[in-house]
Each structure stands twice: as structure tokens, then as C-alpha cells.
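**Student:** Sequence plus the predicted model coming up.
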Amino acid sequence: MWIINGRFLTQGITGVQRFAHEIIRELDNVVKPREYKILVPKNIVYKELKYKNIEIEICGNLEGHLWEQLELPLYVKKNKGQLLNLCNTAPIINPGVIAIHDIQTKVHPEFFSKKFALWYNILNYFNIKNSKKIITVSEFSKNEIIKYYGVSKDKIQVIYNGWQHMDRIKQSEDILNKFNIKTGEYILGVSSLNPNKNFKYILELAKLHPEYKFVIVGKKNSTIFKEIIVEELKNLIWTDYVNDEELKSLYASAKAFIFPSFYEGFGIPPLEAIACGCKNIFVSDTSCLSEVFEDSVSYINPKTIKKLHFIYTKNSQNILKKFEWKVSAQKIKNMLNRLTI
């Protein structure tokens, strides 16, 4: 039996958790009962979540990293299972198969607190070394893992993210009224105060475009990321957390979407924006982004701030054909089947 590390069910959704949720949702349609099981600690957030063929079992008394390093591998060993980890972390001993979305803490430790970067770099070292197979979400990330950890390319399989989850979400126009913003009159960014997300670029861009409101979606997390001073501007709106329905409405109604990140393993937000019909997408010309988005977006230098020129990219919708959760889940299933034999 494949046992899925369900620690992500105790967390909110970022791109990493989205990958896990959507892959499991699709796996549930193609696996047999008792072939897969999700093991989760007691502080599960999604208590009402149920699948047709994949059982969810709550196990142990610990939480967080302690649960993941102690109780999870003990359960796997006792039940003679094989472990699948979809969200960057796994037990150091016998991690099984792990999805590592990027190695940002290794390449850019300056973007994080020293404690956070140290812990994740230790985890990455042992998880990459001891895993049976590594999943990552772009050729760029695959090459980075090979470069920094000396792993054989045959150990790593690239499996892309998808966007189809946006089709299941209904828009909530209430968010526009809440912040007094109108369709086509604002520029949207999905960001955090992680220096990697380059929030300062959006801040400076807002000064260059006083005719537009700039709406920033994301949570501030000073415990993980180095302190950044957020300047107050009249045309800058920070929404903090929004739900999926509100986010879809913001994507669909924006004049443009901007993603000035320095380093990404994939970059789901621009793909979501395209899927929701946003016609002007601007992303950095760095890391994996040209691999993922090809000619479907406009590219910006994240270190050079210039006024935006709104040019609708005709090929934007074509890029959606490249990515599908169903296809990605089937690739993972095929890979796991080969490991089981």
C-alpha cells in the first residue's frame, strides 16, 4: 500500500499544497480501494474531506515536523507500506518518494530566517539522498537539484502543475465591492513579504502608475521571512488572505496580473490568472518561468522597474493545453506502479 504523507491537510493552501490536493483528487479516480491511504496528524484542518477510493486516517499524538519525522515513518514501517510525500518535506529516514518543488532555501538562503533555511536545507539533503524517487515541477527545478545535490537525472521525474481547479470555483464579486475596486481598473499581484516574491517591485510600479490601483493578495509572515518595511501608498491595497472564490474574481476582473518573483519552481498564480481570463500577464524573465509560460505572457526584468505596456498576448490561452492535473496524476501513478514491481 502507498501511504501519502497527509501533513498538508493541517495547512493552508499555497502552490505546494495545491499540488497535493489536486494530484490526490485525480488519483482517487484511477486507483483501487485500499491501494492508497492518506495518513494525517490529529490537527487536521479538512475534517470533512472524503475520497471515494483513498482512505484518510488520523494517526498519533504529535503534530508538525515531529509527527512527520517520528510517528509517520513508524506507522509506514509497521504496516509495511511505501511512502509518498507531495509537499517538499518527508521523514529523514526512509522518505520513500518525495516531491521537491524547488530548492529556494539552498539557492537563496538570504530570503529566509537563518533557522528556517538551515532546517529545510538539512531536510532537503537527507530527503534527496535517501529517497527512492524525486518528483519536481519543472525542468528548471530538476536541473537545480542536480546542480546543488549531485543527483542522477534518472532519479528525478518532472511532473507539472495544472490549472483545472479554477474551473470548479465560482466567482465571488463581493471582494470587488469590499475594496471598492472596479473591473479593468486595477493591477493584481499574488505575493507575500518573502523577499523572493519581490514585493518592492510592485510597490515601485504603483508609484509609476498612479492611475491604477494595485491589489496585492497574500499573507504577511514575519516569522519566516526577513523583515520588510511596507510603504503606504494611496493606490496600493493589501487584501491579506482571500478565499478561492474571491481570488478567481480578482483574477478575472484585473487589468493585468504581475508576478515579479526572483526564483520559482513553477509559478502557479500566473497560470491561474490565464485560466480565469486575465488578458495581460507579466512575469519575470528568471528561473523556470520562460519554460512554463513560453510565449503566452509578457516578460519583465525583476531588477529593472519600468512602466507597463499592456499588450494582450494572443497565445495565452494556448498554454493551458500544456498542463492538466489528470495527466500529472496518471504520471505519478505510473511511476509508483513501476516502483512497486
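**Tutor:** Yep, that arrived. For clarity, every value in this text was computed on a predicted model and none was experimentally measured.
**Student:** and residue 193, that one's in a strand?
**Tutor:** No - residue assignment for residue 193, taken from DSSP: H, G, I helix; E, B strand; the rest coil, gives coil, which places it outside any strand.
**Student:** Starting from the helix or strand of the chain with the lowest mean pLDDT, tell me which strands it pairs with and how they run.
**Tutor:** Taking mean pLDDT, DSSP states H and E as the measure, the helices and strands of the chain show their lowest mean at strand 236-240, namely a mean of 90. Using DSSP bridges, the neighbouring strands of strand 236-240 in the sheet come out as strand 213-217 (parallel).
**Student:** Quick check: the gap between residue 288 and residue 56.
**Tutor:** Applying CB to CB, to the nearest Å, the value for residue 288 to residue 56 is 32 Å. C-beta here means a position set from N, CA and C on the backbone, and glycine is covered the same way.
**Student:** any low-confidence regions in the stretch 101-250 of the chain?
**Tutor:** Judged by pLDDT under 70, the stretch 101-250 of the chain has its weakly predicted residues at 220-231.
**Student:** if we go to 80?
**Tutor:** Counting by pLDDT under 80, the low-confidence segments of the stretch 101-250 of the chain come to 191-193, 219-232.
**Student:** who has more neighbours, residue 288 and residue 56?
**Tutor:** In this comparison of residue 288 against residue 56, neighbours counted by other CB atoms under 10 Å, the higher total goes to residue 288 at 22 against 18.
**Student:** residues in contact with that one?
**Tutor:** Residues in contact with residue 288, defined by CB atoms under 8 Å, 6 or more residues apart in numbering, are 138-141, 264-267.
**Student:** and what of residue 339?
**Tutor:** For residue 339, the set of contacting residues under the criterion of CB under 8 Å, 6+ apart consists of 82, 97, 132-133.
**Student:** Walking through the stretch 101-250 of the chain, point out its strands one by one.
**Tutor:** Counting by DSSP state E, counting those that start in this stretch, the stretch 101-250 of the chain forms strands over residues 133-136, 156-158, 186-190, 213-217, 236-240, given from the N-terminal end onward.
**Student:** Most neighbours out of the contacts of residue 339, which is it?
**Tutor:** The member of the contacts of residue 339 that has the most neighbours, counting by other CB under 10 Å, is residue 97 with 23 neighbours.
**Student:** from memory that residue sits against residue 337, does it?
**Tutor:** No - Residue 97 lies out of contact with residue 337 (CB atoms under 8 Å); the separation is 11.8 Å.
**Student:** what's the helix or strand for residue 299?
**Tutor:** Secondary structure assignment for residue 299, by DSSP states H and E: strand 298-300.
**Student:** Mind listing what's buried along that strand?
**Tutor:** Judged by neighbour count using 16 or more other CB atoms under 10 Å, the buried positions of strand 298-300 are 298, 300.
**Student:** Over to stretch 166-176?
**Tutor:** Along stretch 166-176, these residues count as buried under the neighbour rule (16+ other CB under 10 Å): 166, 169, 171-172, 175-176.
**Student:** Show me which pair in the residues you listed is furthest apart.
**Tutor:** 166 and 176 (17.6 Å; CB to CB).
**Student:** List of residues touching the least confident helix or strand of the chain?
**Tutor:** Applying CB under 8 Å, 6+ apart, the contact partners of strand 236-240 are 175, 179, 181, 186, 203, 206, 213-220, 230, 246, 250.
**Student:** Would you list the buried entries among those residues?
**Tutor:** Buried members of those, counted by 16+ other CB under 10 Å: 175, 179, 181, 186, 203, 206, 213-218, 220, 246, 250.
**Student:** what's the neighbour count on the residue nearest to residue 256 when sequence neighbours are not counted?
**Tutor:** Taking CB to CB, 6 or more residues apart in numbering as the measure, residue 256 lies nearest to residue 280, with 3.7 Å between them; neighbours along the chain are not counted. Using other CB under 10 Å, residue 280 has 20 other residues around it.
**Student:** Make sure residue 280 is actually in contact with residue 255.
**Tutor:** Yes - here residue 280 reaches residue 255: they are 6.6 Å apart, a contact under CB under 8 Å.
**Student:** Mind listing the shared neighbours of the two?
**Tutor:** When contacts are counted by CB under 8 Å, 6+ apart, residue 280 and residue 255 are jointly contacted by residue 310.
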